[in-house]
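A.B. asks: from the sequence below, what's the structure:
(one chain, ligands or ions: 1)
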Amino acid sequence: MTEALQVDGVTVTFGTFRAINNLTFHVDYGTVCAIIGPNGAGKTTLLDAITGKSSVSNGCITLDRRIELTKLQEPEIVLAGVGRKFQKPSIFEALTLMQNLMLALNVSKRRTIMELFSLPTAQQVALIEQTFETIGMADQHDQIAGTLSHGQKQWLEIGMLLMQEPRVLLLDEPVAGMSDSETERTADLIAKLKSPDRAIVVIEHDMEFVEKVADRVIVLDGGQLLVEGRMDAVKSDPRVVEVYLGR
Ligand SMILES: Nc1ncnc2c1ncn2[C@@H]1O[C@H](COP(=O)(O)OP(=O)(O)OP(=O)(O)O)[C@@H](O)[C@H]1O
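C.D. replies: Prediction:
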């Protein structure tokens, strides 16, 4: 398997507190990696470190073993191919779904002013159509985004991220607040997003969902890697039961 993301000996500190402590792991292309762990384990801080929102005091994070993300600024990390979805959807509620995807397309890559005001290319139109299919909203191009359900807004935002054609997709609690049927559809969507040229990292507290979508699970506790492996092994590991699942 080809490694997409390498986290190598990473420490993130806030004052004297180590929110992430000497953490090392990698994520392969074509796989979904779930990061789980109790509140305060450092999951969000880890995504902040990968995306350049928090600076790393030790260690490095690389994409494709050659692009050192820890040396880049947040917008450069996006351009390098790392897309992040925050827990709360941040779509443009007053615009249609098509307009949301078009806007995301335009901000996703460095474009000249001329390109911003020109019609999308055939390749871009194909990407938009394919994305509508992927998120299961192909018949809703002209719907106003503000009228969507919570789950549909999350799928639209995932669609907006796909406009960047990210090589690494980071999803922070994608099913929080969703109904059971929306959660199920999100699991199907993540399965569809798996591709040989993409790695997916999901932070989630819903263990049933994690079991459905994740190829590999990383358990964090106190900013350190407690256990990693397949969910069936991880969930019966006594250390994981003690600090997280048994609570
Ligand atoms: N900006 C900050 N300044 C100081 N401490 C912080 C900051 N951000 C996070 N922390 C601390 O770092 C630790 C890890 O927080 P983080 O939000 O990464 O945990 P988490 O695993 O995402 O938790 P949750 O599941 O509750 O979202 C916590 O103890 C938190 O209080």
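A.B. asks: switch to C-alpha atoms for all contacts and neighbour counts from now on
C.D. replies: OK.
A.B. asks: you'd agree Ala4 is in a strand?
C.D. replies: Yes: when DSSP: H, G, I helix; E, B strand; the rest coil is applied, Ala4 is found to be in a strand.
A.B. asks: return the residues of this protein in contact with the ligand.
C.D. replies: Applying CA under 6 Å from any ligand atom, we find that the chain lies next to the ligand at Phe14, Ala19, Pro38, Asn39, Gly40, Ala41, Gly42, Lys43, Thr44, Thr45.
A.B. asks: pLDDT-wise, which helix or strand of the chain ranks last?
C.D. replies: The helix or strand with the lowest mean pLDDT-type score in the chain, counting by mean pLDDT, DSSP states H and E, is helix 113-117 (a mean of 60).
A.B. asks: name the next helix or strand downstream of it, please.
C.D. replies: Beyond helix 113-117 on the C-terminal side, the first helix or strand identified by DSSP states H and E is helix 122-134.
A.B. asks: contact partners of that following helix?
C.D. replies: Residues outside helix 122-134 that contact it (CA atoms under 8 Å, 6 or more residues apart in numbering) are Leu101, Met102, Leu105, Ala138, His141, Gly159, Leu162, Met163, Leu189, Lys192, Leu193.
A.B. asks: I'd like the next helix or strand past it.
C.D. replies: The helix or strand immediately downstream of helix 122-134 is helix 150-162, counting by DSSP H and E.
A.B. asks: check which helices and strands that next one is in contact with.
C.D. replies: strand 82-85, helix 97-108, helix 122-134, helix 180-193 (3 or more CA pairs under 8 Å, 6 or more residues apart in numbering; DSSP states H and E).
A.B. asks: find the residue at the geometric middle of the chain.
C.D. replies: Leu170 (1.5 Å; CA atoms, centre = their mean).
A.B. asks: contacting residues for that one?
C.D. replies: When contacts are counted by CA under 8 Å, 6+ apart, Leu170 is found next to Leu47, Val82, Gly83, Arg84, Lys85, Ile200, Val201, Val202.
A.B. asks: so Lys212 is in which element?
C.D. replies: Element membership of Lys212, judged by DSSP H and E, is helix 207-213.
A.B. asks: now that helix: buried residues?
C.D. replies: Taking 16 or more other CA atoms under 10 Å as the basis for neighbour counts, the residues of helix 207-213 that come out buried are Phe209, Val210, Glu211, Val213.
A.B. asks: quick one: low-confidence parts of this protein?
C.D. replies: 107-118, 247 (pLDDT under 70).
A.B. asks: what's around Ala4, how many residues?
C.D. replies: 21 (other CA atoms under 10 Å).
A.B. asks: that one reaches Ala199, doesn't it?
C.D. replies: Yes: with contact defined as CA atoms under 8 Å, Ala4 reaches Ala199; the gap is 6.4 Å.
A.B. asks: now for these two: what residues contact both?
C.D. replies: Residues touching both Ala4 and Ala199 comprise Val27, Asp28, Tyr29, Arg167, Val168, with contact defined as CA under 8 Å, 6+ apart.
A.B. asks: looking at those, which are in strands?
C.D. replies: If you go by DSSP state E, these have Val27, Asp28, Val168 in strands.
A.B. asks: need the contact list for the first one.
C.D. replies: Read that as Val27. Applying CA under 8 Å, 6+ apart, one finds that Val27 lies in contact with Glu3, Ala4, Leu5, Gln6, Cys33, Ala199, Val201.
A.B. asks: out of the residues you listed, who's nearest the ligand?
C.D. replies: Looking at these and their distance to the ligand, the nearest is Val201, at 13.6 Å (CA to the nearest ligand atom).
A.B. asks: I'd like the buried residues of helix 207-213 as a markdown table, with distance to Gln154 appended.
C.D. replies: Rendered in a markdown table, the data for the buried residues of helix 207-213 read as follows (distance: CA to CA, whole Å):
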| residue | distance to Gln154 |
| --- | --- |
| Phe209 | 16 |
| Val210 | 17 |
| Glu211 | 20 |
| Val213 | 17 |
